[in-house]
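Student: structure here, sequence nowhere to be found:
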DNA sequence: AGTCGATGGCTCC
DNA sequence: TGGAGCCCCTCGAC
């Protein structure tokens, strides 16, 4: 076959401009009128190529000559690539592309700015028919059975002020948090690198991170209920670890990848984890849909893996019922949360399958009665089932909330407040949940991502927490089991929130409450003798200044060496 | 200041 | 059922 010349000369270049921007020549205007749908440069090159091929055979094309390349300088929407509108940040407010469904509620016809769910979180939420069913008698009864329940306290004490923090505590983003069950000021944090931090937030500057427990993401941590100095952790490296918090010595209970890396199709990762105290079992679930059981006494794997979700799908959450531990709740990427009876669990034997429209990030029984279920799904909805003894065909309520996340973030999980709420002498146990928000809010000119407290019995937003210093998203949040304290993990940093109303005047020695950890991993090519912490502070402060003119309430300090 | 990379889930074929 | 391509209000390193 004779070789064909595709292009003999580079075609003309025509530049399109916005009519309201710079001047256009009359020739260009004509071209613009002919061009109904402006193309990007790449698309035009493709068209040119097509046209050039036609040149070889088409007489009309020959008469017209080379098709010109059109470089469009018209402003187009970065989301839908169409002209006439733009998506993106205007100052601290994000403008959605109107051609797309609402980013918040996923319905077409409006954008996030005008979404009724943004105006009122409880919009469209049907109040539960028996939401005040828990009566004082029941509470007294419950206290009799469970004397560990704290005394009655005022309603909704929200920890709403950053009390202390460590900026860049971890070297990668925080993935999970856990409060020590008996030492009230100890917070454990896992990160994407597989490390586990043990932080005493009364002694802010004392940083301790165990580095050699896992080789990648720490997905879940649980304290050993019989020995609260031991912590179990499940990781994407396919192992379950048991670590002594005093010594940092770690034991691997199970390794699902004994032959090492054989490619992504066979590498097993562990996500969901919980402990069944009655049976002395550590339960973990993998990314292929299987549940694995480890005997907590012998630290050995027991029995065969059980398929509890769609084969090949990730099981991200496990939770044993706090009152009846034989009831297991699981959730995963097959869009289901499932309830199981541990006494006779096998593939397909679930008691209930709770359907969701998208991946379920988390599913938790309510912490006191274990009767309610709260799930977080990637369709931007929290779902509440008011009673596991009632109708489980559909949730009692769906609350639209922004947590559909970017893949580079830790998945958002709504978590119950483990404490009891009393309002007007009526007990509202298990009604408060906390979850970070993905979409930002314009807060005095700053784009901040609040942490939301939601009354799940009504869908009402009770409080939204933000601080001008925290410009990153806070997907990981944990409420303290006894105190009015919230811990949040945002990017690599840890924050402790306490109620503003309870805050006492700080002593001078406590004023260094926000510390910046040294970034030691990489040198940035600076002169020796420079103080990296100072530059870190400057960088952080300049970032804050960029977002807000409001003076930060707290001051960045360097951790004493 | 701009670019790049890590990398999950969904849709389509 | 599996792979390609697309979606991208991130974050931090370079």
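Tutor: Okay, I see it. Keep in mind it's a predicted model, so treat the numbers as computed, not measured.

Student: can you pull the contacts of the nearest residue to residue A:93 once chain neighbours are set aside?
Tutor: Residue nearest to residue A:93 in three dimensions, not counting chain neighbours: residue A:442, with 4.6 Å by CB to CB, 6 or more residues apart in numbering. The way it works is simple: take the backbone N, C-alpha and C, and place the C-beta from them, glycine included. In this structure, residue A:442 makes contact with A:91, A:92, A:93, judged by CB atoms under 8 Å, 6 or more residues apart in numbering.

Student: from those, list just the buried residues.
Tutor: residue A:92 (16 or more other CB atoms under 10 Å).

Student: out of the contacts of residue A:442, which are close to DNA strand B?
Tutor: Applying CB under 7 Å from any atom of the strand, the subset of these adjacent to DNA strand B is empty.

Student: in strands, which of the contacts of residue A:442 fall?
Tutor: Where those overlap with strands, as defined by DSSP state E, the overlap consists of residue A:93.

Student: contacting residues for residue A:286?
Tutor: Counting by CB under 8 Å, 6+ apart, residue A:286 makes contact with A:238, A:256, A:268, A:269, A:270, A:271, A:292, A:305, A:314, A:315.

Student: let me redo that: residue A:256
Tutor: Neighbour list for residue A:256: A:238, A:239, A:268, A:270, A:286, A:292 [criterion: CB under 8 Å, 6+ apart].

Student: how about 10 Å then?
Tutor: When contacts are counted by CB atoms under 10 Å, 6 or more residues apart in numbering, residue A:256 touches A:237-240, A:266-270, A:284, A:286-288, A:290, A:292, A:301, A:305.

Student: so what sits opposite residue A:179 in the bridge?
Tutor: In this structure, residue A:179 has beta-bridge partners residue A:187, where bridges are defined by DSSP bridges.

Student: separation between it and DNA strand B?
Tutor: 26 Å (CB to the nearest atom of the strand, to the nearest Å).

Student: I'd guessed that residue sits against residue A:198; true?
Tutor: No. Counting by CB atoms under 10 Å, residue A:179 stays clear of residue A:198, with 11.5 Å between them.

Student: near DNA strand C, which residues of the stretch 301-450 of chain A? Just list them.
Tutor: The stretch 301-450 of chain A has residues A:312, A:406, A:407, A:408, A:409, A:438, A:439, A:440, A:447, A:449 near DNA strand C, with proximity defined as CB under 7 Å from any atom of the strand.

Student: which pair of those spans the longest distance?
Tutor: Greatest spacing in these, by CB to CB: A:312 and A:447 (38.3 Å).

Student: compare the two and say which is more crowded by neighbours.
Tutor: When neighbours are counted by other CB atoms under 10 Å, residue A:312 and residue A:447 differ, and residue A:447 comes out ahead with 17 against 13.

Student: partner strands of the helix or strand the more buried one falls within, parallel or antiparallel?
Tutor: Residue A:447 is part of strand A:446-448, with elements assigned from DSSP states H and E. Strand A:446-448 has the following strand partners under DSSP bridges: strand A:441-443 (antiparallel).

Student: please work out the average pLDDT along the strand it pairs with.
Tutor: In this model, strand A:441-443 carries a mean pLDDT of 87.

Student: returning to what we had before: intersect the residues of the stretch 301-450 of chain A next to DNA strand C with the contacts of DNA strand B.
Tutor: A:407, A:408.

Student: quick check, residue A:235 in contact with residue A:190.
Tutor: Yes. Counting by CB under 10 Å, residue A:235 touches residue A:190, with 8.3 Å between them.

Student: between the two, what contacts are shared?
Tutor: Contact criterion CB under 10 Å, 6+ apart; residues bridging residue A:235 and residue A:190 by contacting each: A:175, A:196, A:213, A:214, A:217, A:218, A:219, A:220, A:221.

Student: quick check: closest non-adjacent residue to the residue of the stretch 201-350 of chain A found nearest DNA strand C.
Tutor: Using CB to the nearest atom of the strand, the closest approach of the stretch 201-350 of chain A to DNA strand C is made by residue A:312 at 6.8 Å. Of all residues beyond its chain neighbours, the one nearest residue A:312 is residue A:288 (5.7 Å), with distances taken as CB to CB, 6+ apart.

Student: tally of neighbours for residue A:247?
Tutor: Residues near residue A:247, counting by other CB under 10 Å, number 9.

Student: go on, the one 4 residues further on?
Tutor: Under the neighbour criterion other CB under 10 Å, residue A:251 is assigned a count of 13.

Student: strands of the stretch 301-450 of chain A, start to end?
Tutor: According to DSSP state E, counting those that start in this stretch, the stretch 301-450 of chain A carries its strands in the segments A:315-320, A:327-332, A:336-341, A:352-355, A:360-365, A:373-377, A:381-385, A:397-400, A:415-416, A:420-423, A:426-429, A:432-436, A:441-443, A:446-448.

Student: any low-confidence regions in the stretch 51-200 of chain A?
Tutor: The stretch 51-200 of chain A contains residues with pLDDT under 70 at A:51-74, A:129-155.

Student: show me where it has its helices.
Tutor: A:59-64, A:116-119, A:136-145 (DSSP state H, counting those that start in this stretch).

Student: mind listing what's buried along the shortest one?
Tutor: The neighbour-count criterion (16+ other CB under 10 Å) identifies A:117, A:118 as the buried residues of helix A:116-119.

Student: is that helix positioned near DNA strand C?
Tutor: No. Helix A:116-119 lies out of reach of DNA strand C by CB under 7 Å from any atom of the strand, never closer than 8.5 Å.

Student: starting at the chain centroid, how far to that helix?
Tutor: How far helix A:116-119 lies from its chain's middle: 21 Å, per CA atoms, centre = their mean, to the nearest Å.

Student: list the contacts of that helix.
Tutor: Applying CB under 10 Å, 6+ apart, the external contacts of helix A:116-119 come out as A:102-105, A:107, A:110-113, A:123-125, A:380-381, A:399-402, A:439, A:441, A:459.

Student: which members of those are classed as buried?
Tutor: Buried among those by 16+ other CB under 10 Å: A:102-105, A:110-112, A:125, A:380-381, A:399-402, A:439, A:441, A:459.

Student: residues near residue A:501, how many?
Tutor: Applying other CB under 10 Å, we find 10 residues neighbouring residue A:501.

Student: tell me how far the strand holding residue A:447 is from the chain's mean position?
Tutor: 18 Å.

Student: tell me which helix or strand comes right after that strand.
Tutor: Sequence order places strand A:451-455 as the next helix or strand after strand A:446-448, per DSSP H and E.

Student: what sits up against the helix or strand just after that following strand?
Tutor: Toward the C-terminus, strand A:451-455 is succeeded by strand A:460-465 as the next helix or strand (DSSP H and E). Counting by CB under 10 Å, 6+ apart, the neighbours of strand A:460-465 from elsewhere in the structure are A:120-122, A:125, A:155-156, A:158-162, A:399, A:401, A:421, A:431-434, A:436-437, A:441, A:443, A:448-456, A:474, A:477, A:486, A:488, A:495, A:497.
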